[in-house]
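A.B. asks: build me a structure from this.
(one chain, ligands or ions: 2)
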Amino acid sequence: MSEPQKALIEMKNINLNFGTVKALSDVSVNFYEGELVGLVGDNGAGKTTLIRILSGMYAPTSGEVYFDGQRITRFHPKLAIDLGIETIQQTVGLCDNLSVARNYYLGREPVKRLLGIIPVLDFAQMRAASNKVVHNFGLRDSVNVDDETALLSGGEAQSFKIGRAVDFRNRVIIMDEPTNHLSVRERAHVNDIALQLRDQGLLVIYITHDIFQVHRLADRIVILENGRKVLDIPKAEMPAEELEQIIRDGGHEISKR
Ligand SMILES: Nc1ncnc2c1ncn2[C@@H]1O[C@H](COP(=O)(O)OP(=O)(O)OP(=O)(O)O)[C@@H](O)[C@H]1O
Ligand SMILES: [Mg+2]
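C.D. replies: Ligands and ions are numbered 1, 2, ... in the order given. As a prediction, this is how the structure comes out:
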């Protein structure tokens with residue numbers, strides 16, 4: 001991949017404290033459109049905290065974040081929608097007691113006006129849009145968009161969430177442990193979709209504990225350890241075994257790049 005010149009996301013000297021816990025210490029990292037970045041590190045390394053800053057859930061204690069060259073000064077939950085950043089998590093993101101069609105819009109429901117005045121939910125549009133994702137993202141043909149999402153398999157739910165994210169014209173897809181508890185086939189499917197999104201020019205940030213899995217997918221690997229960035233390297237420059245050793249050994253102070 002030839003690296004585009006301007007970073008889509010620039011994070012500079014980010015510190016984030018939760019009380020006395022230093023979750024992130026002086027992390028500087030850039031992310032570019034059209035790349036798949038593997039964000040790895042042990043439990044508690046700060047991976048989820050870092051990406052939650054990008055979705056507006058947490059404000060850094062200090063440091064700067066730029067999106068498309070614009071400094072972000074206010075961190076709030078709507079930030080992600082405003083910027084076009086979607087985070088896919090394993091366990092949240094769908095309301096299982098609602099239909100697939102309702103889940104598609106969740107909080108952004110399309111409304112039409114009866115007799116030109118009375119606002120009502122536009123179910124036809126919900127069904128049409130969600131049906132498209134069901135068909136394009138490899139869910140079973142038998143999935144009915146009027147069924148509750150509780151009936152989807154883990155992989156189907158992930159594929160649906162990703163499809164939905166893409167349809168809303170997001171520029172950044174963050175996946176936080178997206179294949180935990182999935183079958184081998186489901187995992188491969190979700191990973192294929194991640195690669196397709198990258199190929200379509202989106203920025204994909206892929207968080208996982210499985211360095212071998214992400215090494216196959218990623219263009220670049222960023223390792224966090226105890227809230228610090230200890231490595232940021234094109235994946236071609238280091239085999240997965242060496243990266244695993246770095247994570248396993250711990251105790252790193254260096255920050256490359
Ligand atoms: N809301 C919070 N309040 C207090 N401490 C927190 C909070 N969220 C995270 N932390 C702490 O910040 C540090 C980083 O946590 P984080 O969840 O970002 O790690 P992670 O790399 O995503 O780990 P895992 O691989 O287990 O998901 C940990 O020490 C964690 O206990
Ligand atoms: Mg996490």
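
A.B. asks: just give me the residue right at the centre of this protein.
C.D. replies: residue 174 (1.1 Å; Cα atoms, centre = their mean).

A.B. asks: mind listing what's buried along whichever strand or helix holds residue 13?
C.D. replies: Following DSSP states H and E, one finds residue 13 within strand 9-18. By neighbour count with 16 or more other Cβ atoms under 10 Å, strand 9-18 contains the buried residues 9, 10, 11, 12, 14, 16. C-beta: built from backbone N, CA, C; applies to glycine.

A.B. asks: contact partners for the residue nearest to the centre of the chain?
C.D. replies: When contacts are counted by Cβ atoms under 8 Å, 6 or more residues apart in numbering, residue 174 touches 51, 54, 55, 85, 86, 87, 88, 204, 205, 207.

A.B. asks: among those residues, which are located in strands?
C.D. replies: Of the contacts of residue 174, the ones assigned to strands by DSSP state E are 85, 86, 87, 88, 204, 205, 207.

A.B. asks: run a quick neighbour tally on the closest residue to the first one other than its chain neighbours.
C.D. replies: Take residue 85 and drop its neighbours on the chain: the residue closest to it by Cβ to Cβ, 6 or more residues apart in numbering is residue 172, 4.3 Å away. By the measure other Cβ atoms under 10 Å, the count of residues near residue 172 is 24.

A.B. asks: hmm, residue 8 and residue 172 touching each other?
C.D. replies: Yes: in this structure residue 172 lies within contact range of residue 8 using Cβ atoms under 8 Å: 7.0 Å.

A.B. asks: give me the common contacts of those two.
C.D. replies: Taking Cβ under 8 Å, 6+ apart as the criterion, residue 172 and residue 8 both touch 31, 203.

A.B. asks: can you show me the helices along the stretch 151-257 of the chain?
C.D. replies: 154-167, 184-199, 211-217, 240-249 (DSSP state H, counting those that start in this stretch).

A.B. asks: let's have these in TSV, adding mean neighbour count.
C.D. replies: Below are the helices of the stretch 151-257 of the chain laid out as TSV (neighbours: other Cβ atoms under 10 Å):
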stretch	mean neighbour count
helix 154-167	22
helix 184-199	17
helix 211-217	18
helix 240-249	14
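
A.B. asks: mind listing the strands for the stretch 1-150 of the chain?
C.D. replies: For the stretch 1-150 of the chain, the strands defined by DSSP state E, counting those that start in this stretch cover 9-18, 21-31, 36-40, 62-67, 70-71, 85-89, 111-114, 118-121.
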